[in-house]
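# Structure for the following, please:
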Amino acid sequence: MRTAAPGAATAAATDLLHREAAALDEQRWDDWLALYVPDCEYWVPTWRTEDALTEDPQRELSHIYYASRAGLEDRIVRIRSRRSPASMPMRRTAHLVSNILVLEAHSEAMDVRSTWTTHMFDPHRKNQYVLFGWARYALVQVEGTWRIRRKRTVLQSDYLPAMVDVYCL
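Predicted structure coming up:
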């Protein structure tokens with residue numbers, strides 16, 4: 001790892017991941033989208049077998065895949081329209097982000113791993129669910145602010161009792 005201040009890199013990564021979680025929990029969609037660069041990739045692969053994840057979102061099944069922020073923006077348009085069956089009624093979430101580890105850091109880019117848990121309440125079914133997993137992020141500096149270039153989320157609890165959307169992970 002090459003960085004001038006490892007503590008500063010960890011603090012910056014932690015701040016960004018916590019801001020992402022808060023924006024999702026509070027349904028501040030514009031704030032959430034602003035954390036991603038336009039050419040970002042957002043991917044939630046599926047498990048091919050009990051031991052192996054899918055490796056190519058272009059050729060294999062994914063829970064969620066967006067090749068750019070435009071895809072995320074389109075998803076938010078559908079959520080806001082209240083015409084998305086997958087998100088009606090809107091589930092209430094509490095994202096917990098932990099074990100944030102900066103794997104590599106440079107002045108303009110970082111590779112980060114975190115563990116996450118999402119507590120979710122479905123008001124339609126009056127049920128609670130817990131999803132958990134880990135994520136890898138590629139972060140980049142844009143005009144002095146850290147942004148997400150790539151997020152790959154591994155859903156460890158992939159028995160899904162309800163529809164899963166971007167705001168659940």
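# Put the alpha carbons of the lengthiest helix in the chain into PDB.
For the chain, the helix with the greatest residue count under DSSP state H is helix 6-25. C-alpha atoms of helix 6-25 as PDB (Å, rounded to 0.1, in the frame of the first residue of the first chain):
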ATOM      1  CA  PRO A   6      -2.900   5.700   6.100                       C
ATOM      2  CA  GLY A   7      -5.100   7.100   8.900                       C
ATOM      3  CA  ALA A   8      -6.400   9.800   6.600                       C
ATOM      4  CA  ALA A   9      -7.200   7.300   3.900                       C
ATOM      5  CA  THR A  10      -9.200   5.100   6.400                       C
ATOM      6  CA  ALA A  11     -11.000   8.200   7.800                       C
ATOM      7  CA  ALA A  12     -12.000   9.300   4.200                       C
ATOM      8  CA  ALA A  13     -13.200   5.900   3.200                       C
ATOM      9  CA  THR A  14     -15.100   5.500   6.500                       C
ATOM     10  CA  ASP A  15     -16.800   8.900   6.000                       C
ATOM     11  CA  LEU A  16     -17.800   8.100   2.400                       C
ATOM     12  CA  LEU A  17     -19.300   4.700   3.300                       C
ATOM     13  CA  HIS A  18     -21.200   6.100   6.300                       C
ATOM     14  CA  ARG A  19     -22.500   8.900   4.100                       C
ATOM     15  CA  GLU A  20     -23.700   6.400   1.600                       C
ATOM     16  CA  ALA A  21     -25.500   4.300   4.300                       C
ATOM     17  CA  ALA A  22     -27.200   7.400   5.800                       C
ATOM     18  CA  ALA A  23     -28.400   8.700   2.400                       C
ATOM     19  CA  LEU A  24     -30.000   5.300   1.600                       C
ATOM     20  CA  ASP A  25     -31.600   5.000   5.100                       C
END
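# how about that helix: buried residues?
9-10, 12-14, 16-17, 19-21, 23-25 (16 or more other Cβ atoms under 10 Å). C-beta: built from backbone N, CA, C; applies to glycine.
# can you put those residues in a markdown table and add distance to Val130 and pLDDT?
As requested, those are exported to a markdown table (distance: Cβ to Cβ, whole Å; pLDDT from 0 to 100):
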| residue | distance to Val130 | pLDDT |
| --- | --- | --- |
| Ala9 | 30 | 95 |
| Thr10 | 26 | 95 |
| Ala12 | 28 | 97 |
| Ala13 | 24 | 97 |
| Thr14 | 22 | 98 |
| Leu16 | 24 | 98 |
| Leu17 | 19 | 98 |
| Arg19 | 22 | 98 |
| Glu20 | 19 | 98 |
| Ala21 | 15 | 98 |
| Ala23 | 20 | 98 |
| Leu24 | 16 | 97 |
| Asp25 | 15 | 97 |
